[in-house]
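Peer 1: next come a sequence and a model predicted from it.
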Amino acid sequence: MIKNTFWIRTLGIAGILGGIILFAGDLLFYYDAVGDSFKGNMAKSSDMRIILSAITALFATWFYLLGLIPVYQAFQPSSKSARNTIIISFAAILTAYGVIHGAYVAIATSSKLSAQYNLDLEQATTLASEVNRILRLFVYPFFAVLSFVFIREVWQRKSLYPRWIIFFFPLIPFPLLSILRRVLTGCPKIVFTGGFFNLILILFFATSTVALWNLSLTKD
């Protein structure tokens, strides 16, 4: 159990940095000033952008996992089983997300090859896209368990978090993604929908850090 306020805050900021790094990695894959096709944009990405994007997945995952240490601290009032369920589920999701991001390298390289050799884009990326889809299926059960236990424990005041943190837990803003996909076009669509999960994780780790930061100040 970490009692040093400095480390609680520093590790919380590490979680924020994880989100920023992987969001930058998303932009390296997708971003184009005029294109609004994810695969089309990846087909135009340079080799260096794809390499750098893959590297961000490794460092972002490390920072994300460090950011879970203050979350574990926040659930000290909970039962051991609830606390471990939350952290194991969260860690499984963040690790899987790093792997999924890395798997986008296959989609990006397939997209580039399709453009280079004038192949059908969708057909060329079919296998890589299917692998990516299957990897995502393993995340959903962990996300369901995490959401149920996290929200229950916070609502029943069995954590050091205030109840308002529930509004910033990833499950709550996640439905906005479908709305953004419908209303956004062009560059904004690529930026906000391509990196959406990282953006809501940045929001969560930022609000988590603020909540624990203020709580720690009152107890120092």
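Peer 2: Thanks, I have it.
Peer 1: just confirm H101 contacts L22, I think it does.
Peer 2: Yes. Counting by Cβ atoms under 8 Å, L22 is a contact partner of H101 at 6.2 Å. Bear in mind the C-beta positions are built from the backbone N, C-alpha and C, glycine included.
Peer 1: what's the overlap in contacts for those two?
Peer 2: Residues touching both H101 and L22 (Cβ atoms under 8 Å, 6 or more residues apart in numbering): 56-57, 60.
Peer 1: now those in CSV, with distance to F148, pLDDT and secondary structure?
Peer 2: Converted to CSV, the shared contacts of H101 and L22 look like this (distance: Cβ to Cβ, whole Å; pLDDT from 0 to 100; DSSP: H, G, I helix; E, B strand; the rest coil):
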residue, distance to F148, pLDDT, secondary structure
T56, 31, 96, helix
A57, 28, 96, helix
A60, 26, 97, helix
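Peer 1: returning to what we had before: who has more neighbours out of H101 and L22?
Peer 2: L22 (27 against 23; other Cβ atoms under 10 Å).
Peer 1: check contacts around the more buried one.
Peer 2: L22 is in contact with 56-57, 60, 64, 97-98, 101, 195, 198, counting by Cβ under 8 Å, 6+ apart.
Peer 1: what helices or strands is the helix or strand hosting W213 leaning on?
Peer 2: Element membership of W213 [criterion: DSSP states H and E] is helix 196-219. If you count contacts as 3 or more Cβ pairs under 8 Å, 6 or more residues apart in numbering; DSSP states H and E, helix 196-219 packs onto helix 5-30, helix 47-74, helix 176-183.
Peer 1: can you give me the buried ones in stretch 9-26?
Peer 2: 9, 11-26 (16 or more other Cβ atoms under 10 Å).
Peer 1: for stretch 47-56, same thing?
Peer 2: For stretch 47-56, the neighbour count (16+ other Cβ under 10 Å) marks 49-50, 53-54, 56 as buried.
Peer 1: can you list the weak-confidence ranges in this protein?
Peer 2: 1-3, 214-220 (pLDDT under 70).
Peer 1: G186: neighbour count?
Peer 2: Residues near G186, counting by other Cβ under 10 Å: 12.
Peer 1: got it, and the one 5 residues further on?
Peer 2: Taking other Cβ under 10 Å as the neighbour definition, V191 ends up with a count of 17.
Peer 1: max-length helix in this protein?
Peer 2: helix 80-116 (DSSP state H).
Peer 1: who touches the helix or strand that comes right after it?
Peer 2: Sequence-wise, the next helix or strand downstream of helix 80-116 (DSSP H and E) is helix 121-124. For helix 121-124, the surrounding residues in contact (Cβ under 8 Å, 6+ apart) are 39-40, 43, 110-111, 113-115.
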